[in-house]
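Visitor: Test case, fold it:
(one chain, ligands or ions: 1)
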Amino acid sequence: MTAVTSLAAKLARPELLNLTPYQSARRIGGEGEIWINANESPFNNSDVAQLNRYPECQPPQLIQAYSDYSGVDSQSIVTSRGADEAIELLIRTFCIPGQDSIACFGPTYGMYAISAQTYNVGVNALALDDNYQLPANIDSQVADAKLVFICNPNNPTGTVIALETIESVVKQLPNAIVIVDEAYIEFCPQYSAASLVNQYDNVVVLRTLSKAFALAGARCGFMLANIDIVDLVMRVIAPYPVPKPVADLATAALSRQGIDQMQTQVSQLKGNGEALAQALRNYGAEVLPANGNFVLAKFANIAAVKQQLITAGVVARTYNDARLTNWIRFSFSDEQQTQTLIQLFQ
Ligand SMILES: Cc1ncc(COP(=O)(O)O)c(C=O)c1O
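Guide: As a prediction, this is how the structure comes out:
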């Protein structure tokens, strides 16, 4: 039986402590020329090397590439099918259905609550304050939630929370795991909490290649966490979460050239986004500071604006949530589409 010494082990679902993960053929490994241990086909009918073989559970080159990019030790990185799978894995690793809960601060990304609900885990849906910051007395508000999700920059508001504030929350909640979702961090890297992963045993950072790296269709995300959390999550994760072609694409995206391309595109998108935000302000909308690749704007004449967008064939994000009924979120786009939008608001 695993000794319950780490915070991660104390918080984990107890049955996981004794669980031996599925021993896939790839995990067991071996040496030799003739590989007949996984009921694979010997024929590779594709241009992708080794596509007839099961992939590594955690492709080492991809993990190393993300370690180089993020500055986080490779042992502290788990790759998954997007950040969405990482959210689900954390809930499945730590929350006992029908008993435990998570906390999050709305308006925010909807998958924290949905993922929890699909596992019959409670949701303590707290509110960001009027300046889109975390509430005061966070420890009493979070109560006994095991996982506390902070989206930074926050989707859909685009607002940010200072790193010092996040660090103080981490200190105030020593018996919970604070998960900082940094899906949009490439648009404001100075706010990253990645440096906290090595310092605290209760911090997890989520990342993705879906946004700045332009690979939403590939489904590749990362969890950065201390090794005790990683060890437990690895007991729950699917045997082959990252398909081989995805691992290859993602590793290439994290090469020097790939990162340069990402950074060039990020600055282009930020320029286009600032021009759009200015046009929205000129139009009379209330526009929140945009720290991701989108801008949230509030309109007095929301029905007319929605109709105008539909007529122009623009699909932007509208909301049913009571706090956001008059708001529309616009993702930043290329030069041409940005100009079309700007003209629409002139
Ligand atoms: C804040 C946030 N986290 C996570 C995700 C999901 O990312 P992925 O595509 O890596 O699953 C999104 C997607 O919109 C998001 O906005």
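
Visitor: Name the residues of the stretch 201-346 of the chain found near the ligand, please.
Guide: Applying CB under 6 Å from any ligand atom, one finds that the stretch 201-346 of the chain approaches the ligand through T208, S210, A216, G221. Every residue, glycine included, has its C-beta placed from N, CA and C.

Visitor: which of these are buried?
Guide: When burial is judged by neighbour count using 16 or more other CB atoms under 10 Å, the buried members of those are T208, S210, G221.

Visitor: out of those, which are inside strands?
Guide: Members of these lying in strands (criterion: DSSP state E): T208, G221.

Visitor: Next, format the buried ones among the residues of the stretch 201-346 of the chain next to the ligand as JSON lines and append pLDDT.
Guide: Formatted as JSON lines, the entries for these read as follows, by pLDDT from 0 to 100:
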{"residue": "T208", "pLDDT": "98"}
{"residue": "S210", "pLDDT": "98"}
{"residue": "G221", "pLDDT": "98"}
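
Visitor: just the helices in the protein please.
Guide: If DSSP state H is used as the criterion, the helices of the chain fall at 7-11, 14-17, 25-28, 60-70, 82-94, 111-118, 138-142, 163-172, 227-236, 244-253, 256-283, 302-311, 335-344.

Visitor: The fourth one: which residues count as buried?
Guide: Within helix 60-70, the residues that qualify as buried are L62, I63, A65, Y66, S67, Y69, S70, counting by 16+ other CB under 10 Å.

Visitor: For C220, see how far away the second one is.
Guide: To tie it back to what came earlier, the one meant is I63. In this structure, I63 and C220 are separated by 12 Å, where distance is defined by CB to CB, to the nearest Å.

Visitor: same check, this time on P289
Guide: Remark: distance between P289 and C220 (CB to CB) = 28 Å.

Visitor: I figured R92 hits R235, correct?
Guide: No: counting by CB atoms under 8 Å, R92 stays clear of R235, with 9.9 Å between them.

Visitor: Could you tell me which residues touch both of the two?
Guide: Taking CB atoms under 8 Å, 6 or more residues apart in numbering as the contact definition, R92 and R235 share no neighbouring residue.

Visitor: The closest residue to Q265 other than its chain neighbours - how many residues pack around it?
Guide: Using CB to CB, 6 or more residues apart in numbering and skipping the chain neighbours, the partner closest in space to Q265 is A214 (6.8 Å). When counting by other CB atoms under 10 Å, one arrives at 16 neighbours for A214.

Visitor: can you check R329 too?
Guide: Applying other CB under 10 Å, we find 20 residues neighbouring R329.

Visitor: Please apply the same query to N202.
Guide: When neighbours are counted by other CB under 10 Å, N202 registers 22.

Visitor: ok, now which ones touch it?
Guide: By CB under 8 Å, 6+ apart, the residues touching N202 are L7, V170, L173, P174, N175, A176, I177, V178.

Visitor: same thing but at 6 Å, please
Guide: L7, I177, V178 (CB atoms under 6 Å, 6 or more residues apart in numbering).

Visitor: Output those in TSV, with neighbour count and pLDDT appended to each entry.
Guide: TSV is the format used below for the contacts of N202 (neighbours: other CB atoms under 10 Å; pLDDT from 0 to 100):
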residue	neighbour count	pLDDT
L7	18	97
I177	26	98
V178	26	98
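
Visitor: quick one: which of these is nearest the ligand?
Guide: Sorting the contacts of N202 by how near they are to the ligand, with CB to the nearest ligand atom, puts V178 at the top with 15.2 Å.

Visitor: out of the buried residues of helix 60-70, which one sits closest to the ligand?
Guide: Each of these was scored against the ligand by CB to the nearest ligand atom, and Y66 proved nearest at 13.0 Å.

Visitor: shouldn't the closest one be in contact with G221?
Guide: No: using CB atoms under 6 Å, Y66 makes no contact with G221, being 10.0 Å away.

Visitor: of all the residues in the stretch 51-200 of the chain, which ones are close to the ligand?
Guide: Near the ligand, the residues belonging to the stretch 51-200 of the chain are G82, A83, D84, Y109, C151, N155, D181, A183 when assessed by CB under 6 Å from any ligand atom.

Visitor: Please produce JSON lines containing those residues, extended by neighbour count.
Guide: What follows is those, written out as JSON lines (neighbours: other CB atoms under 10 Å):
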{"residue": "G82", "neighbour count": "23"}
{"residue": "A83", "neighbour count": "24"}
{"residue": "D84", "neighbour count": "19"}
{"residue": "Y109", "neighbour count": "19"}
{"residue": "C151", "neighbour count": "28"}
{"residue": "N155", "neighbour count": "22"}
{"residue": "D181", "neighbour count": "26"}
{"residue": "A183", "neighbour count": "24"}
